[in-house]
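Student: One predicted model, sequence on top.
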Amino acid sequence: MTSAATQQRFPLFALLVISGAIFASVSSEFLPTGLLPDIAAELHVSVSQVGLLVTVFAMTVVVSTVPLTALTLRFSRKWLMVAMLGIVACANLLCALAPNYAFLAGARVLGGLAHGVFWSVTGPYAARIVERRQLSRAVAVTQGGGSAAFVLGVPLGTALGHALGWRLSFAVMAGVVLVLLVLVVVALPPVSHLIPLSTGEIAIPARRDKTLAALVIVAITILLANLGQNTFFTYVVPWSRQVGGIPAVDVSALLFAYGLAGAVGLVIAGAFGDRFPRGAFLVLCGAAVVSIAGLALLAPGVPLAVAVGVMVWGVAWGGIPSLMHSRMQHSVSARLRDTAAAWVTIAFNTSIGGGALLGGLLLDRFGVQVLPWAEIAFVLAGIAFVVATDRRRVELHPQH
């Protein structure tokens, strides 16, 4: 077999290992959401205080990712991923052993510090082990770990916590992270991430890289679209019960169906993202707008219509995050990939926290029924921004 043929082989197993590592990290991030009453009861704090553990984690990521990414830029990408997974495992174990709320919050901060750097490494890793024409498919495989975290990781962790105690749930998650750490050591090829200078070339700071403007364009796109998504989805449970008429006992099944539908969206993104990167993104965003409008107009009080609308929404949104990640990697120069991945992480976490805050404010002032329209407004703004800026984005990095 020729060397060229070897280079063209799609490294599925290595990508699945990265996907597994993402699964473990994202499951760790959102594990408290399913265990709020259990943790609150044992530590004698309110449920809302325990809910802040997710916010503390996200805000730690937002504040720390860029400076920590800059500090670790010269380290091996593979061994930095191993180190960050080790810290995530330790953070989960400390959560399991936490004697009080303050200790638990500190453990979550530690996990957040590692999580941001972890994403700055895993985001570009796929781009470094596949050919450019395979990038969207590779990112779809790795991002499948994030979807699996919501479909399997958090629900299973919640069930385990309810049955045997929330501390055991964190301890088991620590063990899962350590298993993935070992697989990373064994299965991931080392990658070269420092771009050597050509003869006579002078190193320029990142702020003078012309593709930095493309990074900003994609980050704004993520903020607009994902802010809208989290404004509504954060409160989809009260919406589905109060407006959609879904019985309380069926809400978990509805969310599970949304997660499974999201996996279909990932497949669509992987199949069409490389050939039609702009078209696939705009079509899925448009499908999300149509499905959410259908929920707002047609689904109230009709559980079957709610179920269908939520599944279509899941398919549409399931592919959008992976397309955002691959869009960023396509848009920046090779030397900016790690910085770009850090800003993707910041954009996503800012929109997660910001969307939850905005949705809560709108809910209190106008009621839960306004939230679908808020998401539609932001996603349409994201579509308009892409249409207005995409030619400029491509001009900044014409290899795309």
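Tutor: All right, it came through fine.
Student: worst-scoring helix or strand of this protein, pLDDT-wise?
Tutor: In the chain, the helix or strand scored least confidently by mean pLDDT, DSSP states H and E is helix 3-8, which has a mean of 47.
Student: Follow the chain on from that helix and name the next helix or strand.
Tutor: From helix 3-8 onward toward the C-terminus, using DSSP states H and E, the following helix or strand is helix 12-30.
Student: who are the neighbours of that next one, in terms of helices and strands?
Tutor: helix 47-71, helix 77-97, helix 101-129, helix 135-148, helix 154-164, helix 166-187 (3 or more Cβ pairs under 8 Å, 6 or more residues apart in numbering; DSSP states H and E). For every residue, glycine as well, the C-beta is placed using N, CA and C.
Student: try 7 Å this time
Tutor: Taking 3 or more Cβ pairs under 7 Å, 6 or more residues apart in numbering; DSSP states H and E as the contact definition, the neighbouring helices and strands of helix 12-30 are helix 77-97, helix 101-129, helix 135-148, helix 154-164, helix 166-187.
Student: mind checking which of those is nearest Val237?
Tutor: Val237 sits nearest to helix 154-164 of all the helices and strands packed on helix 12-30, at 13.6 Å, using Cβ to Cβ.
Student: what does that closest one rub up against?
Tutor: Under the contact criterion Cβ atoms under 7 Å, 6 or more residues apart in numbering, helix 154-164 has outside partners Ser27, Phe30, Leu31, Thr33, Gly34, Leu35, Asp38, Leu168, Ser169, Val172, Met173.
Student: name the element Phe385 belongs to?
Tutor: helix 371-396.
Student: and if you look at Ala316?
Tutor: Assigned by DSSP H and E, Ala316 falls in helix 303-331.
Student: Compute the inter-axis angle for that helix and helix 371-396.
Tutor: 20 degrees (axes from the mean of the first three to the mean of the last three Cα atoms, to 10 degrees).
Student: next structured bit after helix 303-331?
Tutor: As the chain continues past helix 303-331, the following element, by DSSP H and E, is helix 337-366.
Student: quick revisit: mind listing what's buried in the helix holding Phe385?
Tutor: Buried positions in helix 371-396, judged by neighbour count with 16 or more other Cβ atoms under 10 Å: 371-376, 378-383, 385-386, 389-390, 393-394, 396.
Student: could you measure Val370 against Val308, distance?
Tutor: Going from Val370 to Val308 by Cβ to Cβ, to the nearest Å gives 22 Å.
Student: now do Leu80
Tutor: Counting by Cβ to Cβ, the gap between Leu80 and Val308 amounts to 44 Å.
Student: Next: Ala316.
Tutor: Ala316 sits at a distance of 13 Å from Val308 (criterion: Cβ to Cβ).
Student: Of those two, give the one with the bigger neighbour count.
Tutor: With other Cβ atoms under 10 Å as the criterion, Ala316 and Val308 differ in neighbour count, and Ala316 comes out ahead with 25 against 17.
Student: In contact with the more buried one, which residues?
Tutor: With contacts defined as Cβ under 7 Å, 6+ apart, the neighbours of Ala316 are Gly265, Leu284, Ala287, Ala288, Ser291.
Student: what do you get for Leu304?
Tutor: In this structure, Leu304 makes contact with no residue, judged by Cβ under 7 Å, 6+ apart.
Student: One more: Gly86?
Tutor: For Gly86, the contacting residues are Leu181, taking Cβ under 7 Å, 6+ apart as the criterion.
Student: repeat that for 8 Å
Tutor: By Cβ atoms under 8 Å, 6 or more residues apart in numbering, the contact set of Gly86 is Leu178, Leu181.
Student: ok now do the residue nearest the centre of the chain, which residues does it touch?
Tutor: With distances taken as Cα atoms, centre = their mean, Gly146 lies nearest the centre of the chain, 6.0 Å away. With contact taken as Cβ under 8 Å, 6+ apart, Gly146 is in contact with Ile22, Phe23, Val26, Pro321.
Student: For these, which two are the farthest from each other?
Tutor: When Cβ to Cβ is used, the two most widely separated members of the contacts of Gly146 are Phe23 and Pro321, lying 14.1 Å apart.
Student: Just give the number of residues close to Gly228.
Tutor: With neighbours defined by other Cβ under 10 Å, the count for Gly228 comes to 30.
Student: Fine by me, we can end here.
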